[in-house]
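S.K.: Let me see the structure of the following:
(one chain, ligands or ions: 3)
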Amino acid sequence: MTDSSDTDLLNLTRLPRHIAIVMDGNGRWAQQQGMVRTAGHKAGVNSVRNTVEACARYGVEVLTLFAFSSENWKRPEKEVGLLMDLFFTALHREVKRLKRNNVRLRIIGDRSAFSEKLQKRMASAEAETADGTGLVLQVAANYGGRWDIAQAMQQIAADVVAGKVASEAVNEQLVSDYLSFADLPNPDLFIRTGGEQRLSNFILWQAAYAELYFSDVLWPDFDIKALNAALQSFANRERRFGKTGEQVRIEEKREE
Ligand code: IPE
Ligand code: IPE
Ligand code: MG
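M.R.: Residues are numbered from 1 along each chain as shown. Ligands and ions are numbered 1, 2, ... in the order given. Reported below is the predicted structural model:
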């Protein structure tokens, strides 16, 4: 736990409503210490816990964590198996803590590929935290940005065929409405740890206007200091959304 002085460094008036994180670098972290890659995934769970609690404390509305991509099935069977086991135990073990922190858990992604047992556990963890009114924690599992867009297209096509949606009505807003977490604000801040600077097929559509922040810190080492550095960087940025800097500053002055 950390004390409230952590927040003194932050400009909390410019806090992102929604933070999305590609939690990368577990394997390299473990290998650097002469351990097997999977030890890094285990260590990464602590960073998840600390990040969730810090975001809940700061008043962030949504935190979306990339835990397993649609492409991660290509990893060695043993590593995939360990990740599934870890998922299963973490879902069970962390629920109490999530409830204590008033967090509502949601899993996004194609769950149909997971075992029955894991799917059940996902559903029960979501149900147990459904009353949470604080931070919404979204865990992306077997998630891919292209999968999300394709599943939206499939639903739209079905609704067009069924006569519920006119083809002329398909516009950006309508597509957004069919994507995962359409009911939540889009991510404002997109963090990737582990030094790599790519999206790896994470929330492609929803991150269209997110501020990108890349950190060399490997995920198991991602602590409150590293999170605060990302938040500080975000607070210092000017988001223009296509306008000029001058326009944005005039609007901000008016709002004051
Ligand atoms: C991210 O860490 C966790 C998952 C993809 C599940 P990695 O396992 O990709 O770690 P590196 O990139 O190999 O270090
Ligand atoms: C992205 O990390 C997926 C997760 C963090 C869950 P990867 O380590 O799988 O990404 P690539 O393969 O290096 O792009
Ligand atoms: Mg990686």
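
S.K.: Do a quick rundown of the helices in the stretch 151-256 of the chain.
M.R.: Assigned by DSSP state H, counting those that start in this stretch, the stretch 151-256 of the chain shows helices spanning 172-178, 224-235, 245-255.

S.K.: buried sites along the second one?
M.R.: Think helix 224-235. By 16 or more other CB atoms under 10 Å, the buried positions in helix 224-235 come out as 226-228, 230-231, 234. Every residue, glycine included, has its C-beta placed from N, CA and C.

S.K.: Same check on stretch 134-150?
M.R.: For stretch 134-150, the neighbour count (16+ other CB under 10 Å) marks 134-145, 147-149 as buried.

S.K.: Check those against Val170 and report the nearest one.
M.R.: Val170 lies nearest to Ile149 out of the buried residues of stretch 134-150, by CB to CB, at 12.9 Å.

S.K.: distance of Arg240 from Ile21?
M.R.: The gap separating Arg240 from Ile21 is 24 Å, by CB to CB, to the nearest Å.

S.K.: Comparing the two, which shows the higher neighbour count?
M.R.: Comparing Arg240 with Ile21 by other CB atoms under 10 Å, the one with more neighbours is Ile21, at 28 against 12.

S.K.: Look up phi and psi at that one.
M.R.: Backbone torsions for Ile21, taken as degrees, to the nearest 10, come to phi -130, psi 130.

S.K.: In this structure it contacts Val62, no?
M.R.: No. At 11.4 Å, Ile21 does not count as touching Val62 under the criterion of CB atoms under 8 Å.

S.K.: Point me to the residue of the stretch 151-256 of the chain nearest ligand 1.
M.R.: Gly194 (5.3 Å; CB to the nearest ligand atom).

S.K.: Please enumerate residues in contact with whichever helix in the chain runs longest?
M.R.: Longest helix in the chain by number of residues (criterion: DSSP state H): helix 77-100. Contacting residues not belonging to helix 77-100 are listed as 37-38, 41-42, 45, 48-49, 52, 67-68, 72-73, 105, 114-115, 117-118, 121-122, 125, 128-129, 132, 137, 141 [CB atoms under 8 Å, 6 or more residues apart in numbering].

S.K.: what about the residue of the stretch 151-256 of the chain closest to ligand 1, distance to Ser200?
M.R.: From Gly194 over to Ser200 the distance is 10 Å, taken as CB to CB.

S.K.: Trp29 too?
M.R.: According to CB to CB, Trp29 stands 17 Å off from Ser200.

S.K.: out of these two, which sits in the busier spot?
M.R.: For Trp29 versus Ser200, the count of surrounding residues by other CB under 10 Å is larger for Trp29: 25 against 14.

S.K.: Would you tell me what helix or strand that one is located in?
M.R.: Assigning secondary structure by DSSP states H and E places Trp29 in helix 26-32.

S.K.: Quick one: residues in contact with that helix.
M.R.: With CB under 8 Å, 6+ apart as the test, helix 26-32 has contacts from 36-41, 43-44, 194, 218-221.

S.K.: Quick one: mean pLDDT for it?
M.R.: The average pLDDT for helix 26-32 rounds to 98.

S.K.: Can that helix be said to contact ligand 1?
M.R.: Yes. Helix 26-32 reaches ligand 1 (CB under 6 Å from any ligand atom) through 26-28.

S.K.: Tell me what angle the next helix-or-strand element following that helix forms with helix 77-100.
M.R.: For helix 26-32, the following helix or strand on the C-terminal side (DSSP H and E) is helix 37-58. Counting by axes from the mean of the first three to the mean of the last three CA atoms, to 10 degrees, helix 37-58 points 20 degrees away from the direction of helix 77-100.

S.K.: Mind checking which of the contacts of helix 26-32 are buried?
M.R.: 37-41, 43-44, 194, 218-221.

S.K.: Could you count how many residues lie near the residue in the stretch 1-150 of the chain that ligand 1 sits nearest to?
M.R.: Nearest residue of the stretch 1-150 of the chain to ligand 1 (CB to the nearest ligand atom) works out as Gly27 at 2.8 Å. A count of nearby residues for Gly27, using other CB under 10 Å, gives 21.

S.K.: Cheers, nothing more for now.
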